[in-house]
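>>> Just to be clear, the model below is a prediction. Sequence and coordinates:
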Amino acid sequence: MASLFTVDASVFLNAFNPYEVGYEISNQFLTELQQNALPIIVPTLLLPEVAAAIGRGRGDARLARDFASTLADLPHILLIPLDLVLSQQAVDIAANNRLRGSDAVYAATALRFGSTLITLDQEQRKRVADVLPAMAPDEALGELTSS
């Protein structure tokens, strides 16, 4: 099992909402990473993505900003700027694998750092399978806790 992870916004948002299906697993997975001080390598895109989802879903701009700020301040989260090089890698991955733009940015980040992409998006996992390791939080949690 890899010791580096790139975690998609879908997992953070799922772990944030106890009413969502899969909340417990996403929450357990992120807690396991934090307790073991395993780095989470994510593009800076994560912050506006989670803020947008919370702001739109809850109608609470302050909560949205606070959640994004809390994520940015976590010591085991490494925020990677979307520079021109990473952007071009995302362009190539998006075009070659028929991914949405934001999904390609997470995939490019994982590819650049040799990390495993963790996402709830089954389509994203399938489309990057030939390019990089990708799995759902429950699969990753199972591998983390069995080793």
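Structure received.

>>> Pull the residues that contact the worst-scoring helix or strand of the chain on mean pLDDT.
In the chain, the helix or strand scored least confidently by mean pLDDT, DSSP states H and E is helix 137-146, which has a mean of 92. Residues from elsewhere that reach helix 137-146 (CB atoms under 8 Å, 6 or more residues apart in numbering): 1, 5, 11, 14, 22, 25-26, 28-29, 32-33, 36, 116, 118, 120, 135. Where C-beta positions appear, they are placed from N, C-alpha and C, glycine not excepted.

>>> Now, of these, which are buried?
When the contacts of helix 137-146 are checked for burial by 16 or more other CB atoms under 10 Å, the buried set is 5, 11, 14, 22, 25-26, 28-29, 33, 116, 118, 120, 135.

>>> any chance of the residues you listed in CSV, with pLDDT, distance to Asp73 and secondary structure too?
CSV is the format used below for these (pLDDT from 0 to 100; distance: CB to CB, whole Å; DSSP: H, G, I helix; E, B strand; the rest coil):
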residue, pLDDT, distance to Asp73, secondary structure
Phe5, 97, 18, strand
Val11, 98, 18, helix
Asn14, 96, 20, helix
Gly22, 94, 25, coil
Ile25, 97, 24, helix
Ser26, 97, 20, helix
Gln28, 97, 21, helix
Phe29, 96, 20, helix
Leu33, 95, 16, helix
Thr116, 97, 24, strand
Ile118, 98, 21, strand
Leu120, 97, 24, coil
Met135, 97, 27, strand
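
>>> what stretches of the chain score poorly on pLDDT?
1-2, 147 (pLDDT under 70).
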